[in-house]
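> What follows is a predicted protein model with its sequence.
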Amino acid sequence: MRRMEDENDTTLTPDSFANGLGSEQLVLVEAPNTSKTSKKRKSKREPDRELEPIEVAASELAQFSLLRVQLQQAQEAAQPYVKLIEALFDPKPLSSEQMEMASSKEFARTLNNLAKLKVEYDAFHEKAAAAWELLKPAIAVSENAPFQSKENPVDQTQGQQQKPRSSSNGKNTPS
């Protein structure tokens with residue numbers, strides 16, 4: 001811990017606190033790094049560590065899926081306004097119902113929310129597609145290769161582990 005010992009700092013005086021507490025009793029406590037760009041995992045089982053690329057990819061796909069659901073919900077919420085928006089471009093006068101709907105806060109909120117989500121979705125789409133390409137091999141499980149790891153790589157040309165061939169005597173021989 002560091003005590004605040006700046007002799008030139010006059011913001012605290014001996015009279016700053018009613019109970020006699022002074023600047024010499026104050027201790028500077030720095031805030032922990034809570035940056036969103038930090039990709040560290042905190043777990044009771046594991047000490048702080050950098051997330052592996054596949055873990056980051058999984059997190060990004062989860063975020064993207066939520067964003068896609070929100071976008072679809074916003075699109076569905078905007079459906080009742082399609083005829084109104086088309087009427088706005090028609091030279092005929094709007095009905096009183098259309099004028100009321102067009103000037104409602106809900107109409108503006110719905111369109112603004114849809115636009116915001118569409119921009120976020122479009123911006124995140126490429127990043128999520130790259131995350132999917134990284135995560136896809138881990139999800140694509142075949143009966144011959146129940147899992148893959150760094151120690152048990154998958155043949156990139158066929159997407160499966162090389163399986164030993166059986167010889168005519170019933171013993172496995174490498175391929």
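On my side now, so go ahead.
> Please make it C-alpha for all contacts and neighbour counts, starting now.
Fine.
> How much space separates residue 74 from residue 114?
Distance, residue 74 to residue 114, using Cα to Cα, to the nearest Å: 5 Å.
> ditto for residue 100
Residue 100 is 20 Å from residue 114, where distance means Cα to Cα.
> between these two, who's got more neighbours?
A direct count of neighbours by other Cα atoms under 10 Å for residue 100 and residue 114 places residue 114 higher, at 21 against 12.
> Packing partners of whichever strand or helix holds residue 69?
Assigned by DSSP states H and E, residue 69 belongs to helix 53-78. On a contact count with 3 or more Cα pairs under 8 Å, 6 or more residues apart in numbering; DSSP states H and E, helix 53-78 meets helix 105-139.
> Check which element follows the helix holding residue 69 along the chain.
Assigned by DSSP H and E, the successor of helix 53-78 is helix 82-88.
> Can I get that next one in CSV? Just the C-alpha atoms.
Presented in CSV, the C-alpha positions along helix 82-88 are these (Å, rounded to 0.1, in the frame of the first residue of the first chain):
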residue,chain,number,x,y,z
VAL,A,82,-44.2,-1.4,-42.5
LYS,A,83,-47.5,-0.2,-44.0
LEU,A,84,-47.2,3.1,-42.1
ILE,A,85,-43.7,3.7,-43.5
GLU,A,86,-44.9,2.9,-47.0
ALA,A,87,-47.7,5.3,-46.5
LEU,A,88,-45.2,8.0,-45.6
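> contacting residues around that helix?
94, 98, 101, 102 (Cα atoms under 8 Å, 6 or more residues apart in numbering).
> quick one, phi/psi of residue 50?
phi -70, psi 140 (degrees, to the nearest 10).
> Could you give the number of residues near it?
Neighbours of residue 50 (other Cα under 10 Å): 13.
> again, but for residue 136
Residue 136, neighbours per other Cα under 10 Å, totals 14.
> Now that we're looking at it, what pLDDT does it have?
If you check residue 136, the pLDDT there is 91.
> what about it, distance to residue 79?
34 Å.
> ok, back up a step: okay, the angle between the helix holding residue 69 and helix 105-139?
150 degrees (axes from the mean of the first three to the mean of the last three Cα atoms, to 10 degrees).
> in helix 53-78, what counts as buried?
Neighbour-count burial for helix 53-78 flags 54-58, 60-61, 64, 67-68, 70-71, 74-75, 78 (criterion: 16 or more other Cα atoms under 10 Å).
> ditto for stretch 113-120
Residues of stretch 113-120 classed as buried under the neighbour-count rule (16+ other Cα under 10 Å) are 113, 114, 117, 118.
> Rebuild the contacts of helix 82-88 as JSON lines, extending it with distance to residue 50 and neighbour count.
What follows is the contacts of helix 82-88, written out as JSON lines (distance: Cα to Cα, whole Å; neighbours: other Cα atoms under 10 Å):
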{"residue": "94", "distance to residue 50": "58", "neighbour count": "14"}
{"residue": "98", "distance to residue 50": "55", "neighbour count": "17"}
{"residue": "101", "distance to residue 50": "51", "neighbour count": "15"}
{"residue": "102", "distance to residue 50": "50", "neighbour count": "17"}
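> Thank you, goodbye.
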